[in-house]
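Student: quick one, structure for this:
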Amino acid sequence: MNGGQHNRPAALRDWAVAVKALTEGKQILVLRKGGIAEETRDFRLVSDSFYLLPAYEHQKPELLKEAYRQGIEETLADWNPEKGTVRVGAYAEAVEDIELRDQETLDRIREFHIWTDAFAEERLKWKRSKPLHLLLLRVYAAEEPVEIPMLPSYSGCKSWVSLEEESLGLRPDWKPVLDDETFGREREAVLGALGL
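Tutor: Sure thing, here's the model as predicted:
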């Protein structure tokens with residue numbers, strides 16, 4: 001359950017609208033290449049299980065498919081930067097880490113995520129020599145998100161942070177977003193689209 005530095009819980013930062021889609025069962029995947037401030041200069045899976053830390057700074061409606069654009073406004077309603085806290089309400093287990101290296105393969109999964117084709121392609125092309133990681137995630141959601149201090153170390157263009165807050169805990173009220181059968185079906189659909 002713990003990951004990251006000094007045995008503190010690991011958290012994967014992603015757009016709040018993507019965390020929302022994962023928490024609502026609208027997608028089971030994220031696409032990662034690593035942030036500009038990434039220590040390793042590319043993405044790597046630092047833990048098989050981690051919290052999902054919503055990030056609000058770079059969300060842009062035009063980079064999302066039409067059906068998901070209103071989700072940005074909904075996530076911003078939960079965000080109060082003056083308060084200096086962030087709400088953590090999702091936990092994930094990575095069940096697959098698949099490397100995508102070409103546009104044709106990326107196109108095969110277009111129906112399984114919230115991003116526009118243009119934005120997905122942009123992610124693939126950035127740092128061209130590095131693969132785009134497709135993480136298939138089993139997501140658990142809390143009945144009530146936990147509010148934690150938004151520390152400066154949680155900000156910036158990086159994928160992973162080590163949470164100072166050790167009391168989050170995977171409590172009994174953290175339930176799988178999708179039941180076993182539905183998740184299995186979604187996973188097989190993505191793998192089937194990729195020919196895996």
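Student: my guess is Y140 is in a helix, correct?
Tutor: No: Y140 is assigned strand when assessed by DSSP: H, G, I helix; E, B strand; the rest coil, not a helix.
Student: could I get the one helix or strand Y51 maps to in PDB with only the CA atoms?
Tutor: Assigned by DSSP states H and E, Y51 belongs to strand 49-55. This file holds the C-alpha atoms of strand 49-55, laid out as PDB (Å, rounded to 0.1, in the frame of the first residue of the first chain):
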ATOM      1  CA  SER A  49      -0.800   0.900  -5.800                       C
ATOM      2  CA  PHE A  50      -1.200   4.600  -5.200                       C
ATOM      3  CA  TYR A  51      -3.600   7.500  -4.500                       C
ATOM      4  CA  LEU A  52      -4.900   9.700  -7.300                       C
ATOM      5  CA  LEU A  53      -4.000  13.300  -6.600                       C
ATOM      6  CA  PRO A  54      -6.100  15.700  -8.700                       C
ATOM      7  CA  ALA A  55      -4.300  18.500 -10.400                       C
END
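Student: sheet-wise, list the partners of it with their directions.
Tutor: Note on strand 49-55: by DSSP bridges, its sheet partners are strand 10-15 (parallel), strand 85-100 (antiparallel).
Student: what's the offset of the helix or strand just after that strand from the middle of its chain?
Tutor: Scanning forward in sequence from strand 49-55 by DSSP H and E, the next helix or strand is helix 70-76. Offset of helix 70-76 from its chain centre (CA atoms, centre = their mean, to the nearest Å): 16 Å.
Student: go on, stretch 52-66?
Tutor: Here the centre of stretch 52-66 is set off from its chain's centre by 11 Å, with CA atoms, centre = their mean.
Student: same deal with stretch 49-67?
Tutor: Offset of stretch 49-67 from its chain centre (CA atoms, centre = their mean): 8 Å.
Student: buried sites along the strand holding Y51?
Tutor: Across strand 49-55, burial judged by 16 or more other CB atoms under 10 Å covers 49-55. No exception for glycine: its C-beta is placed from N, CA and C like everyone else's.
Student: of these, closest to I109?
Tutor: If you rank the buried residues of strand 49-55 by distance to I109 using CB to CB, L52 comes first, at 19.6 Å.
Student: for the closest one, give me the pLDDT.
Tutor: For L52, the pLDDT comes out at 95.
Student: ok, what's across the strand from it?
Tutor: With DSSP bridges as the rule, L52 is bridged to L12.
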